[in-house]
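Engineer: following is a predicted model, sequence given first.
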Amino acid sequence: MVTEGMAAIRIPAGVFYNPEMKFCRDVSVALIRAARAGAHARTVDATAGSGIRAIRYARECGGAVGDLWLVDISPSSARAAKANAARNGVRAFAAPTSFARFANSVRAKGGFQLIELDPFGTPVPFLHDALRLARDGTLLSVTATDTAVLCGAHPKACLKNYQAKPLNPFCCHEVGARILLGKIARAAAEFDLAALPLMALSHRHYFKVFVSLKKGAGAAAETLRKIGFISHCGTCLHRETSFGVACTTPARCTACGGTLEHAGPLWLGKLHDGGLLARMIAETGSSAPKLAALFTVMRAEDGLPPLYFELPRVTERLRAGALGRETIASALETAGFEASRTHFHPNALKTTAPAKDFFAIVRQAKAL
Ligand SMILES: C[S@@+](CC[C@H](N)C(=O)[O-])C[C@H]1O[C@@H](n2cnc3c(N)ncnc32)[C@H](O)[C@@H]1O
Ligand SMILES: [Zn+2]
C-alpha cells in the first residue's frame, strides 16, 4: 500500500509506480484544481498504471473529474487501477487495452475534456489519438521522460520523433520544453485545434506540459505563427528568433560574426498562463512551500524572451569569480531591463537584455 496526496493505493507486482514522480503529480493536481475545479470533466487517463494520477485528480481537484476512464495496455495494471479507484471511493471504468484501440472504440465516442498522457519515454505516439478525442476547451496533460532526446543528447532521435533540432549544451531544458510544445501545437493544428500552453515544467528527468485546446481552424493557424527557430551563438551567447515553420534563419551571428546553431522548429510563444499561476500560488500557499516556490519562479519568468544566461558559462567567459544572481538581476533592472530567475536552471537569469548589454552590465557590476 502507498499513500500519496489523498489517495491510498495498492501496487501489485508488475504494476508501475514511481514515488519520484509524486512532485509531478502534485504540480498536476494544483494546476487541474486551479484550471478546472467544478468542471466534472469527462476524463481519460491514457496510460493509467496504478491509476494514481487520475485518482488523485478525482479526489483532490475540487470536482474537476466527472466520468473517468482508466486505460492501460497491461491488463493487470488496468485491473489494479480500477480496484484502486474503488478503494478511494472514485467511480471509474477500466479499459485493459492500448490507448489507440480505446480511442477508436465506442467507449471514447463523445471525446474527453481532460486527457492525461503519462507514458514511458516520448508521448509522441499517443498524441494523435489524444487530439482526436479532444474537444473545445479540453485540457491535455502530457509527460515526456525522453529528456535526453529533447535536450539534445540524441539529435537524430529528436529529429525522428519531433522533427526538430535541439540545442546542446546551451539552455537545453527550455529548448526541450519548447520543442515538445511545438510538436503538440503542430499536431493539434492538424485537428483544427489551437494548443495554448498553461504551463511547461522541466524537472529532474522529465518534462510536464499542460495545454488548453481551443477548437477552430483560424485559432489553430494562429498558433503556428508562434512556431519558429532560435539561433544561438556559442561564442558571444547572442540569441535571436525567427518565426515560421519554413522561415529563413540568419547565417552568421549579427553580434560577433560567429557561427550560429539553430534549434527548432519549436514553440516561441509564452510557456505559462500567468493568471492561472497566480491562482495556483494563492491556492497552494504555505501548505506546500516547494510547489509555491516553483510557481512563483514560473510566474516571474513568464513573458520574458526565450532562453537565459547560465551564470557559470558567463563566469567562464569573463574569467570572473562567482557571480551573485541577485546582484546581477538588480544591475540589469537598474539599467532598464527586466530580469528573473528561471525554473529551467538553478543558476541562470532570464532577461530582456541582449548578450552584449548583459555582459557589459556584468562587467560593470563586478568592476572587471
Ligand atoms: C509511466 S507508466 C504510467 C504511470 C502512471 N501514470 C503514474 O503516475 O504512476 C506508463 C503506463 O503506460 C502503459 N502503456 C504502455 N503502452 C501503452 C499503450 N499503448 N496504451 C495504454 N497504456 C500503455 C504501461 O503499461 C504503464 O502502466
Ligand atoms: Zn556571436
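Structural biologist: Structure's in. What do you need? Ligands and ions are numbered 1, 2, ... in the order given.
Engineer: switch to C-alpha atoms for all contacts and neighbour counts from now on
Structural biologist: Will do.
Engineer: helix, strand, or coil at residue 360?
Structural biologist: helix (DSSP: H, G, I helix; E, B strand; the rest coil).
Engineer: can you pull the pLDDT of it?
Structural biologist: pLDDT recorded at residue 360 is 95.
Engineer: neighbours of it, how many?
Structural biologist: 13 (other C-alpha atoms under 10 Å).
Engineer: list the buried residues of the helix or strand containing residue 136.
Structural biologist: According to DSSP states H and E, residue 136 maps onto strand 134-144. Buried residues in strand 134-144, counted by 16 or more other C-alpha atoms under 10 Å: 134, 135, 137, 138, 139, 140, 141, 142, 143, 144.
Engineer: the third one and residue 218, how far apart?
Structural biologist: Summarising the geometry, the distance separating residue 137 from residue 218, computed by C-alpha to C-alpha, to the nearest Å, is 15 Å.
Engineer: how much space between the residue lying closest to residue 217 once chain neighbours are set aside and residue 222?
Structural biologist: Among residues not flanking residue 217 along the chain, residue 192 sits closest, at 4.6 Å (C-alpha to C-alpha, 6 or more residues apart in numbering). Counting by C-alpha to C-alpha, the gap from residue 192 to residue 222 is 11 Å.
Engineer: among the two, which residue is more densely surrounded?
Structural biologist: Per other C-alpha under 10 Å, whichever of residue 192 and residue 222 has more neighbours is residue 192, with 19 against 13.
Engineer: figure out the helix or strand that the residue lying closest to residue 92 once chain neighbours are set aside lives in.
Structural biologist: Nearest non-adjacent residue to residue 92, counting by C-alpha to C-alpha, 6+ apart: residue 68, 4.9 Å away. Per DSSP H and E: residue 68 is located in strand 65-71.
Engineer: quick one: work out the angle between the helix or strand just after that strand and strand 65-71.
Structural biologist: Downstream of strand 65-71, the first helix or strand assigned by DSSP H and E is helix 75-87. Put simply, helix 75-87 runs at 160 degrees to strand 65-71, going by axes from the mean of the first three to the mean of the last three C-alpha atoms, to 10 degrees.
Engineer: quick one: buried residues of helix 75-87?
Structural biologist: Using 16+ other C-alpha under 10 Å as the test for burial, helix 75-87 gives 75, 76, 77, 78, 79, 80, 81, 82, 83, 84, 85.
Engineer: show the average pLDDT along the next helix-or-strand element following it.
Structural biologist: Beyond helix 75-87 in the direction of the C-terminus, DSSP H and E gives the next helix or strand as strand 93-95. Averaged over strand 93-95, pLDDT sits at 98.
Engineer: give me the contact list for strand 93-95.
Structural biologist: Strand 93-95 is contacted from outside by 68, 69, 70, 71, 72, 78, 79, 81, 82, 102, using C-alpha atoms under 8 Å, 6 or more residues apart in numbering.
Engineer: just the pLDDT at the first one, thanks.
Structural biologist: Predicted confidence (pLDDT) for residue 68: 98.
Engineer: pLDDT below threshold where in the stretch 201-350 of the chain?
Structural biologist: For the stretch 201-350 of the chain, not a single residue meets the criterion pLDDT under 70.
Engineer: just the helices in it please.
Structural biologist: Ranges of helices in the stretch 201-350 of the chain, per DSSP state H, counting those that start in this stretch, are 217-224, 274-284, 289-301, 311-318, 325-334.
Engineer: about what we covered before: what's across from the residue nearest to residue 92 in the sheet?
Structural biologist: Beta bridges link residue 68 to residue 43 when assigned by DSSP bridges.
Engineer: show me what contacts it?
Structural biologist: Residues near residue 68 by C-alpha under 8 Å, 6+ apart: 42, 43, 44, 45, 54, 91, 92, 93.
Engineer: who wins on neighbours among these?
Structural biologist: Neighbour counts for those, by other C-alpha under 10 Å, peak at residue 44, which reaches 30 neighbours.
Engineer: that one and residue 65: what is the separation?
Structural biologist: On the measure of C-alpha to C-alpha, residue 44 and residue 65 end up 9 Å apart.
Engineer: circling back to that earlier point, is any residue of the strand holding residue 136 near ligand 1?
Structural biologist: No - figure legend: strand 134-144 not in contact with ligand 1 (C-alpha under 6 Å from any ligand atom); closest approach 8.7 Å.
Engineer: would you mind identifying the next helix or strand past that strand?
Structural biologist: The helix or strand immediately downstream of strand 134-144 is helix 147-150, counting by DSSP H and E.
Engineer: so does that following helix get close to ligand 1?
Structural biologist: No - using C-alpha under 6 Å from any ligand atom, we find that helix 147-150 stays clear of ligand 1, coming within 13.9 Å at best.
Engineer: just the mean pLDDT for that helix, thanks.
Structural biologist: Helix 147-150 shows an average pLDDT of 98 in the prediction.
Engineer: list the buried residues for that helix?
Structural biologist: 147, 148, 149, 150.
Engineer: quick one: contacts for the residue nearest to the last one when sequence neighbours are not counted?
Structural biologist: In this structure, residue 150 finds its nearest non-sequential neighbour in residue 176, 4.5 Å apart by C-alpha to C-alpha, 6+ apart. Residue 176 makes contacts with 147, 150, 151, 152, 166, as judged by C-alpha under 8 Å, 6+ apart.
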